[in-house]
Structures are given as C-alpha cells and as structure tokens.
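> From the sequence below, what's the structure:
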Amino acid sequence: MIPENRSVIEWIREITIGLKHRNLDINTRVSLSFYLEHSSESGAKKLAELLACEGFDTDIDAFQQHLNKWRCWANISIVPNTPNLSYLLHLLKDKAVEFDGQLEGWETNPYESGQELGQLIAKLENDWQEVMRQG
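The predicted model follows:
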C-alpha cells in the first residue's frame, strides 16, 4: 500500500503489530520516530518547528538531493495506545499535507528509550539462547 494512502487506523495497526513483534511493552512509554517527506526545505523546516511545539524532537535533512526531497524527522516518547497514536498520526498527516509533504513511515528509536533498548537486548539474548538449544 502506498504510505500516503494509509488511514490512521492502518497506521495504528502497523505500529502496534510492529511493537508487539519486537516484544516491546505497549503499556509503557516507547520512543517512536516518524519521517515526513517534503519537496521543499522551507516546508520541512516549518513542519519541524510546529512539531517541536507539540513536544517532538525534530530534525530535517536533505535526501535524494538530486530529486529536491527533504525529510523531517519527528521523535516522541509516548505510551503507544490507540488514543495517543490516533492523535499523533492525525496531527502528523494533517500538518504534513498543510506544509506540502506526506507521512512516509515510522520506526522505534531504542537509543532514546532505555526501557526499549533493554527489551530489544533481552529479545536478542532470548532468540540466541533458543537457537543454541535447537542447534
């Protein structure tokens, strides 16, 4: 499915499944990074400023410079329940469109969340032990 055509419900489902797949506790704060693509540096900067006022850590960078594309990164630590995700995704999608961009994706950010990094390490250790038992 093309990212900009996803509904907020589809994004929530994708994020929730992704977090559960990583064995992350969706009842505690998790650090999530969203990236939004823009055709202009000014649009990406304006969006980053607005999202910073909403509590996001933001940054912009040029990518695919030959295509004149800019990316706004927006990171926030939240409890990823449906109301929180719904609010964030509506905000991100609406504001991205307002500044001539689109919400392209998301990822967990273990370097911003000690709890999340600990869970990732525990998952890797568990997977390694399981492989060793089977081998």
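
> number of nearby residues for residue 43?
20 (other C-beta atoms under 10 Å). Every C-beta, even on glycine, is put in place using the N, C-alpha and C of the backbone.

> How about the one 5 residues further on?
Applying other C-beta under 10 Å, we find 21 residues neighbouring residue 48.

> which stretch of helix or strand covers it?
Using DSSP states H and E, residue 48 sits in helix 41-53.

> can I assume residue 74 is in contact with residue 60?
No. Using C-beta atoms under 8 Å, residue 74 is not in contact with residue 60; the gap is 9.9 Å.

> who has more neighbours, the two?
In terms of neighbours (other C-beta under 10 Å), residue 74 is the more surrounded of residue 74 and residue 60; the figures are 28 against 20.

> which outside residues touch the strand or helix carrying the more buried one?
Using DSSP H and E, residue 74 sits in strand 69-78. Strand 69-78 has contacts (C-beta atoms under 8 Å, 6 or more residues apart in numbering) with 29-41, 43-44, 47-48, 51, 55-63, 84-85, 88, 92, 101, 104, 109, 112-113.

> filter these to the buried ones?
In the contacts of strand 69-78, burial by neighbour count holds for 30-38, 43-44, 47-48, 51, 56-58, 60, 85, 88, 92, 101, 109, 112-113, counting by 16 or more other C-beta atoms under 10 Å.

> from those, which ones fall inside strands?
30-38, 57-58, 60, 101 (DSSP state E).

> now, among these, which is nearest to residue 80?
Sorting those by distance to residue 80 puts residue 30 at the head of the list, at 5.3 Å, by C-beta to C-beta.

> and that closest one, bridged to which residues?
residue 78 (DSSP bridges).
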